[in-house]
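Novice: After the sequence you'll find the predicted model.
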Amino acid sequence: MSASSFEAIDWPATALLAAALLGALLVGLAWFRVGRRAKASSSELAWRAEIEDELRALKQDIAGLREQVGQLRAARGVAPQYGDAMALAESGLDAPAIAARCGISVAEAELIRALGRSDAPAARGD
């Protein structure tokens, strides 16, 4: 190319065209990044939902274990033959029902219920 060829180029128009192409490239790159973030966000949401489900299941397991620990604490201070009666008292059965199920007198069942009530704050950790 000769020097006259360079003089024939419309430099302002060429610069404007180059700036427009660069701008289009930058806009395209920005859209690409937004699209990738949206995909990452949906996978993050799925991951978070999975973690929340697992957390809910663990909380239920812990609640069940707390109940079992409470029953064990209530039964540990009672003679072995009264362990079932204490567990029934902790579950809320009345004295006649406890007496009938365990083969003890109603008076014994009432005493066990009273013991269970007095141990309840200790079993809950109060």
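Specialist: Sure thing, it's come through.

Novice: any idea of the mean pLDDT in the helix or strand containing residue 18?
Specialist: According to DSSP states H and E, residue 18 maps onto helix 11-76. The average pLDDT for helix 11-76 rounds to 81.

Novice: ok, then the element right after that helix?
Specialist: helix 83-90.

Novice: Please report how far the residue nearest the centre of the chain lies from residue 61.
Specialist: The centre of the chain sits closest to residue 55, judged by Cα atoms, centre = their mean, with a distance of 2.5 Å. From residue 55 across to residue 61, the span is 11 Å (Cβ to Cβ, to the nearest Å). For every residue, glycine as well, the C-beta is placed using N, CA and C.

Novice: now the angle from the helix holding residue 18 to helix 83-90?
Specialist: Orientation check (axes from the mean of the first three to the mean of the last three Cα atoms, to 10 degrees): helix 11-76 against helix 83-90 gives 130 degrees.

Novice: Kindly spell out which helices and strands sit in contact with helix 11-76.
Specialist: Judged by 3 or more Cβ pairs under 8 Å, 6 or more residues apart in numbering; DSSP states H and E, helix 11-76 is in contact with helix 83-90, helix 106-124.

Novice: Out of the ones you listed, which gets nearest to residue 48?
Specialist: Closest to residue 48 of the helices and strands packed on helix 11-76, according to Cβ to Cβ: helix 106-124, at 32.5 Å.

Novice: still on that earlier bit, gap between the helix holding residue 18 and the chain center?
Specialist: Counting by Cα atoms, centre = their mean, to the nearest Å, helix 11-76 is centred 16 Å from the centre of its parent chain.

Novice: I am finished for the moment; much appreciated.
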